[in-house]
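Asks: the following comprises the amino acid sequence and a computationally predicted model.
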Amino acid sequence: MLIDSHCHLDLINFKSDLDLVIARAYAEDVQAFVVPSTTYQSWSRVKQLESERSSVRAAYGIHPYFLAQEKLASLDLLEEFAAANNAIAIGEIGLDYWPGSVNYEIQKRFLLRQLDIAKNLHLPVILHARKSYDELALILKKYDLQGIVHAFTGSEIQAKRFIELGLLLGIGGSVTYPRAQKTRKMLKSLADQDFVLETDSPDMPLFGLQGQRNEPANLAKVAAVVAQIREQDIAQIADYTSVNLVKLFRNWN
């Protein structure tokens, strides 16, 4: 079976047809879904989704992209909320240095506090990094945390750095683009135990599906491309990436 290690099924994009979305995923052997929260307001939605569907696992955190609407005080509630609701991880958290993003120092304050919470709760982290791989790696060197660098598209050197820190790499739709030669080369260099698969639904559309809503059923297409790049069988890819994910999350069951 396949597991989507990163999808946002709580978003309004899926409100009208979530049952169909999940049914299509099951039909493609995508049997479980990790849903990270992005804002303080989203925690309750993600919690409800997990309580209603046995195939969903929830992570709680505050995404750097949305910090303009957040207050540091909301982090005072995160540790208690994550502990009380059996979170599998703290996430989605990280650094987003795309032009026009929230002040970098504010992002760092939120990130460091959430890394401390993960450390206190002995939970892994789900990390967002855009134009910030090197700085994020430097920060993580000060922590002894496991987790996933989601939607990873960095170099082989950057990949090795995160793996040496105890992190898995989330591989998604970007590898389906023929022009993504650097990312494909990096993927081919990884050991089987170094990565997991994701869609980042409803974002990160696959090649040939640009402009369409992404959804977890497309994880099968990601797996097929990964299998082709790595010259492995799809069933083998599905098996070891699922094992990698479940081993990471001690609260999976």
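Replies: Now that the structure is in, tell me what you want to look at.

Asks: helix or strand: which one has Lys119?
Replies: Secondary structure here is read from DSSP states H and E; on that basis Lys119 sits in helix 104-121.

Asks: what residues does that helix touch?
Replies: With contacts defined as C-beta atoms under 8 Å, 6 or more residues apart in numbering, helix 104-121 is touched by 61-62, 64, 67, 70, 72, 75, 78-79, 82-83, 87, 89-90, 93-97, 101, 124-125, 139-140, 143-145, 147. Every residue, glycine included, has its C-beta placed from N, CA and C.

Asks: what's the answer for stretch 154-162, then?
Replies: Taking contacts as C-beta under 8 Å, 6+ apart, the residues outside stretch 154-162 that touch it are 133-134, 137, 140, 149, 152, 169, 182, 185-186, 189-190, 194.

Asks: for stretch 90-98, same thing?
Replies: For stretch 90-98, contacts defined as C-beta under 8 Å, 6+ apart pick out 6, 36-38, 59-65, 78, 82, 102, 104, 107-108, 110-111, 114-115, 117-118, 121, 123-132, 135-136, 147-148, 150.

Asks: can you select the buried ones among those residues for me in PyMOL?
Replies: The buried subset of these, as determined by 16 or more other C-beta atoms under 10 Å, is captured in PyMOL by this line:
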select buried, resi 6+36+37+38+59+60+61+62+63+64+65+78+82+102+107+110+111+114+115+117+118+121+123+124+125+126+127+128+129+130+132+136+147+148+150
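
Asks: burial count for Thr183?
Replies: Residues contacting Thr183 under the criterion other C-beta atoms under 10 Å number 20.

Asks: for the host helix or strand of it, name the packing helices and strands.
Replies: With elements delineated by DSSP H and E, Thr183 resides in helix 181-189, which encompasses its position. Using 3 or more C-beta pairs under 8 Å, 6 or more residues apart in numbering; DSSP states H and E as the contact criterion, the neighbours of helix 181-189 among helices and strands are helix 156-164, helix 219-230.

Asks: buried stuff in that helix?
Replies: Neighbour-count burial for helix 181-189, with 16+ other C-beta under 10 Å as criterion, is recorded at Thr183, Arg184, Met186, Leu187.

Asks: quick one: the last one from Glu198, how far?
Replies: So that's Leu187. 13 Å (C-beta to C-beta, to the nearest Å).

Asks: quickly list what's touching both of those two.
Replies: Where contact means C-beta under 8 Å, 6+ apart, the residues bridging Leu187 and Glu198 through contact with each are Ile171.

Asks: ranges for the helices of the stretch 1-150 of the chain?
Replies: With helices called from DSSP state H, counting those that start in this stretch, the stretch 1-150 of the chain shows them at 18-27, 43-52, 75-84, 104-121, 133-140.

Asks: tell me which of those helices sits nearest to Leu248.
Replies: Each of the helices of the stretch 1-150 of the chain was checked against Leu248 via C-beta to C-beta, and the shortest separation belongs to helix 104-121, namely 12.5 Å.

Asks: quick one, that closest one and helix 133-140 angle?
Replies: With axes from the mean of the first three to the mean of the last three C-alpha atoms, to 10 degrees defining the directions, helix 104-121 sits at 40 degrees from helix 133-140.

Asks: if we can go back for a sec, okay if I get the helices of the stretch 1-150 of the chain as JSON lines plus mean pLDDT?
Replies: Formatted as JSON lines, these follow (pLDDT from 0 to 100):
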{"stretch": "helix 18-27", "mean pLDDT": "98"}
{"stretch": "helix 43-52", "mean pLDDT": "97"}
{"stretch": "helix 75-84", "mean pLDDT": "94"}
{"stretch": "helix 104-121", "mean pLDDT": "95"}
{"stretch": "helix 133-140", "mean pLDDT": "97"}
